[in-house]
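**Student:** dropping a prediction and its sequence here:
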Amino acid sequence: MAKPLSILFVTSEVIPFAKTGGLADVSAALPQVIRELGHDIRIIIPKYAAVSDRKFKIHDIKRLTDMPIPLGDRVLLGSVKSSFLTSIKSKVQVYFISNQELYCRSDLYIDPKTKQAWPDNDDRFMFFSRGVLETMLRLGWKPDIIHLNDWQTGLIAALLKTEYADEPLFKNTKVVFTVHNAAFQGVFPKESFPKTGLPPKVFKTDGLEFHGDINLMKAGLMYADAITTVSPTYAKEIRSGKEYGFGLEGVFKKKARRTVGILNGMDAQLWNPEVDTMIAQTYSAEKLDRKQENKKALCERFHLPYDQTIPLIGVVSRLAEQKGFDLIEEKLDELMKLDLQLVVLGSGEKRYEDLLTRAMKKYKKKVGVHIGFDEALAHLIEAGADMFLMPSKYEPCGLNQMYSLRYGTLPIVRSTGGLADTVEDLTDRPKVGTGFVFEKYNGRQMFDAVKRAIAAFEDKNCWQSAMKRAMQKDFSWDASAEKYIDLYKKILKQK
Ligand code: ADP
């Protein structure tokens, strides 16, 4: 094998330590596969309150205790701790940057009381960004690649190309910036700029200035050596207009030649119906009937009557506008006239939590809702439902549709981002289809796709063949991880 690479993977969430969405899954799975391929990859994240030292066997790194880290006029102390992400096949070192004032609170980004972003998110992630580079300097560990993820880490790219440009340790380091969701950009008022510690010349259109504010995702995009997004279709969409680029479409267009879409994989060990310990009954494409036990358990859990012949639609999602809940809201009463059941697990915006709670009360025998975050229940829904609904307005990659395919739970999706790249329509292509796809973001088209799914469900043989095809799709990380390695190698060769 050629010389192994040293890679620092910087992220704001990673399972099992901290998770709000798909980024956490990616941040665990991708580094583990890269490690299995023989590279030295390490992860660094903030140490949130929920990350328990005892539970995760986290140790202090004595020489990295109380590092002074400037943040505007203030100097805050950051300490680094360490643990490992272990799987059967690999062990990846994880560093945690702690600071009582900034990270010791219940939620990662949002204040649960106000449901708004923490007002000091600029401080929290600027401190983290600088802390990451200071940690490397003190450790004396020289990364060939620093792989940044989303706005929380974008400042690092700008720091590396300015203040830290002459550091011998980073002399040959290249930066990859991955966009997991272009809607969240880390925009802060220009008054926050001095806290970045960047030279004033960086506050410009070609830097991180954004309509008079600062934009930390833009910092990542402008200063990275390569940009990736999490599916090929999303890479095109974000430069197509405001509805996908959220104001950064011009930057995405400008950076198109440096940008590549690499489809996320899924953790095929964690999401495997053959060995899943969180479901009622394991099953496989050869033993499909056993899936029914999960449907029974799921109905029981939601106090719904169990009937094998009634299609049960599952939803596991953040309750956010992005995910298409306004379409569900628009069509709810019409959907309820169809012979189906619906179970939803999710948390997020209050208006959708209220909508779903109301729906559950109104349609007691047809709708089950659990507001909250529940990993085990997410597994049971994937295993127990017949279909999985994801009518997203946009979807950078989406993991749930891949889990659904693996669990033989045919997805009903809008053709956008990773959904377009992973699900093929069964109505159009009965011999190869694995789900139901609709094009336009409107209630009528979603409703029509649900009706097509219900009609197909009645043809048991055709449905079972589609289930088996879906379950055999390979969305493991192996191929995608190789693409990242190729990209790392390519940019390392560039001057
Ligand atoms: P996003 O990152 O936009 O939220 P993805 O489909 O990429 O969407 O990933 C979502 C991940 O979060 C999946 O692993 C999904 O199972 C999980 N998830 C989302 N909401 C919940 C919830 N309420 N309870 C348990 N898991 C959830």
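**Tutor:** Good, I have the coordinates.
**Student:** show me which residues of this structure are close to the ligand?
**Tutor:** Applying the criterion Cβ under 6 Å from any ligand atom, the portion of the chain that neighbours the ligand consists of 21-22, 25, 316-318, 345-347, 373-375, 378, 397-400. Placement of C-beta: from N, CA and C, glycine included.
**Student:** give me the subset of those residues lying in helices.
**Tutor:** For the residues of the chain next to the ligand, membership in helices holds for Gly22, Asp25, Glu375, Ala378, Asn400, with DSSP state H as the criterion.
**Student:** among those, who's most crowded?
**Tutor:** The most crowded member of those, judged by other Cβ atoms under 10 Å, is Asn400 (27 neighbours).
**Student:** now do the contacts for that one.
**Tutor:** Remark: with contacts taken as Cβ atoms under 8 Å, 6 or more residues apart in numbering, Asn400 is in contact with Val316, Ser317, Glu382, Phe388, Met390, Pro411.
**Student:** so which of the ones in helices among the residues of the chain next to the ligand sits lowest on pLDDT?
**Tutor:** Model confidence across these bottoms out at Gly22, which has 86.
**Student:** hang on, that one packs against Thr178?
**Tutor:** No: the pair formed by Gly22 and Thr178 falls short of the contact definition of Cβ atoms under 8 Å, at 11.8 Å.
**Student:** average pLDDT across the longest strand that the chain contains?
**Tutor:** For the chain, the strand that runs over the most residues, judged by DSSP state E, is strand 74-86. Here the mean pLDDT over strand 74-86 is 97, rounded to a whole number.
**Student:** flag every buried residue along that strand.
**Tutor:** Residues of strand 74-86 classed as buried: Leu76, Gly78, Ser79, Val80, Lys81, Ser82, Ser83, Leu85 (neighbour count, 16 or more other Cβ atoms under 10 Å).
**Student:** which other helices and strands does it contact?
**Tutor:** Of the remaining helices and strands, those touching strand 74-86 by 3 or more Cβ pairs under 8 Å, 6 or more residues apart in numbering; DSSP states H and E are helix 22-36, strand 59-60, strand 67-71, strand 91-98, helix 121-139.
**Student:** so where do the helices sit in the stretch 101-250 of the chain?
**Tutor:** When secondary structure is read from DSSP state H, counting those that start in this stretch, the stretch 101-250 of the chain shows helices at 121-139, 154-161, 193-196, 216-223, 232-237, 242-245, 249-254.
**Student:** please apply the same query to the stretch 251-400 of the chain.
**Tutor:** Remark: helices of the stretch 251-400 of the chain, listed N- to C-terminal, are 291-301, 325-336, 350-362, 375-384, 400-406; assignment by DSSP H, counting those that start in this stretch.
**Student:** okay, those helices in a markdown table with distance to Val51 next?
**Tutor:** Compiled in a markdown table, those are given as follows (distance: least, Cβ to Cβ, whole Å):
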| stretch | distance to Val51 |
| --- | --- |
| helix 291-301 | 29 |
| helix 325-336 | 30 |
| helix 350-362 | 26 |
| helix 375-384 | 16 |
| helix 400-406 | 25 |
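**Student:** tell me which of these sits most buried.
**Tutor:** When neighbours are counted by mean count of other Cβ atoms under 10 Å, the highest per-stretch mean among the helices of the stretch 251-400 of the chain falls to helix 400-406, a mean of 27.
**Student:** okay, now the sheet partners of the helix or strand just after that helix, with direction.
**Tutor:** Under the assignment DSSP states H and E, the closest C-terminal helix or strand after helix 400-406 is strand 410-414. Pairing partners of strand 410-414, with direction, according to DSSP bridges: strand 387-390 (parallel), strand 436-438 (parallel).
**Student:** dump the helices of the stretch 101-250 of the chain to a markdown table, plus distance to Gln100 and mean pLDDT.
**Tutor:** Shown next, in a markdown table, are those (distance: least, Cβ to Cβ, whole Å; pLDDT from 0 to 100):
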| stretch | distance to Gln100 | mean pLDDT |
| --- | --- | --- |
| helix 121-139 | 12 | 98 |
| helix 154-161 | 22 | 98 |
| helix 193-196 | 19 | 97 |
| helix 216-223 | 23 | 98 |
| helix 232-237 | 37 | 98 |
| helix 242-245 | 37 | 96 |
| helix 249-254 | 36 | 98 |
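**Student:** kindly reformat those as a markdown table containing mean neighbour count.
**Tutor:** Below are the helices of the stretch 101-250 of the chain laid out as a markdown table (neighbours: other Cβ atoms under 10 Å):
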| stretch | mean neighbour count |
| --- | --- |
| helix 121-139 | 22 |
| helix 154-161 | 26 |
| helix 193-196 | 19 |
| helix 216-223 | 27 |
| helix 232-237 | 21 |
| helix 242-245 | 16 |
| helix 249-254 | 17 |
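**Student:** just the buried ones out of the residues of the chain next to the ligand, please.
**Tutor:** Buried subset of the residues of the chain next to the ligand (neighbour count, 16+ other Cβ under 10 Å): 22, 25, 316-318, 345-347, 374, 378, 397-400.
**Student:** so which of these is the closest to the ligand?
**Tutor:** Gly22 (2.4 Å; Cβ to the nearest ligand atom).
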